[in-house]
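1. just a sequence and a predicted model for now, questions to come.
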Amino acid sequence: GAVVSQHPSRVICKSGTSVKIECRSLDFQATTMFWYRQFPKQSLMLMATSNEGSKATYEQGVEKDKFLINHASLTLSTLTVTSAHPEDSSFYICSARPTGTGYNEKLFFGSGTQLSVL
Amino acid sequence: SQQGEEDPQALSIQEGENATMNCSYKTSINNLQWYRQNSGRGLVHLILIRSNEREKHSGRLRVTLDTSKKSSSLLITASRAADTASYFCATGGNNRLAFGKGNQVVVIP
């Protein structure tokens, strides 16, 4: 089955530093990847849609300069949380849509990254 | 926009019992999907039911879809401790999937 690798799985950083999270599709190409944020016992909140070779599409209320997304290849998207602050502490999850599949077909998810900003 | 919304349930059941959870949505759909999330992990796709289907089975999972009521149910039969997780439904719209609030299921050994 399709595998999405996300790392790091857990990161602790100091306030003001930047953190990069990687999302890789290991055995398939993904023109589109998604980044979510999830608070404890809550649903996934879509932050942005990452498109290979073009700018990401951010959801309303998500700061694009705060959450930088780069999708430079068909198998890798990165999310950089810039100048992280304690309120950015959260669980971040990526998902990938295999190239050629429809927007409402199933997605493959990474295992998530728990970010803690001190 | 479309959005799956589960009844906000936290189920606690004994191993061997069945677990049922529901999901409602607001607009027309092409399909509805269910995902499972173990604590602190990503989501795993369980099953997809298309709008022209009424019921679908996959192992111990049974999903129903009632498009007239804009609702779906997920039944897990003969539950196991390993079924302990959160379960989310998702519907497609606006070029993305929208996830519902999720149901937390705890299966007690």
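-> Yep, it's here.
2. secondary structure element for the nearest residue to residue B:82 once chain neighbours are set aside?
-> The shortest distance from residue B:82 to any non-neighbouring residue, by Cβ to Cβ, 6 or more residues apart in numbering or on different chains, is to residue B:107 (7.7 Å). Placement of C-beta: from N, CA and C, glycine included. Here residue B:107, judged by DSSP states H and E, is contained in strand B:103-108.
3. state the mean pLDDT of that strand.
-> Regarding strand B:103-108, the rounded mean pLDDT is 94.
4. just checking: what are the partner strands of it?
-> Its sheet considered, strand B:103-108 pairs with strand B:10-14 (parallel), strand B:85-93 (antiparallel) by DSSP bridges.
5. so what pLDDT did residue B:65 get?
-> 96.
6. tell me what the helix or strand it falls within is packed against?
-> Assessed by DSSP H and E, residue B:65 sits inside strand B:61-66. The contact analysis (3 or more Cβ pairs under 8 Å, 6 or more residues apart in numbering or on different chains; DSSP states H and E) places strand B:61-66 against strand B:31-37, strand B:43-50, strand B:55-58, strand B:71-76.
7. what pairs with the third one, parallel or antiparallel?
-> Each strand that pairs with strand B:55-58, with its direction, by DSSP bridges: strand B:61-66 (antiparallel).
8. what is the least confident helix or strand in chain B?
-> The weakest-scoring helix or strand in chain B, judged by mean pLDDT, DSSP states H and E, is strand B:5-6 (a mean of 55).
9. pull up the gap between residue A:12 and chain B, please.
-> Between residue A:12 and chain B the computed distance is 15 Å (Cβ to the nearest Cβ, to the nearest Å).
10. need the nearest residue in space to that residue, chain neighbours excluded.
-> In space, residue A:12 comes closest to residue A:116 once its chain neighbours are excluded; the distance is 4.7 Å by Cβ to Cβ, 6+ apart.
11. now that neighbour, what's its secondary structure?
-> strand (DSSP: H, G, I helix; E, B strand; the rest coil).
12. can you give me the end-to-end span of stretch B:30-41?
-> With Cα to Cα, to the nearest Å as the measure, stretch B:30-41 spans 27 Å from end to end.
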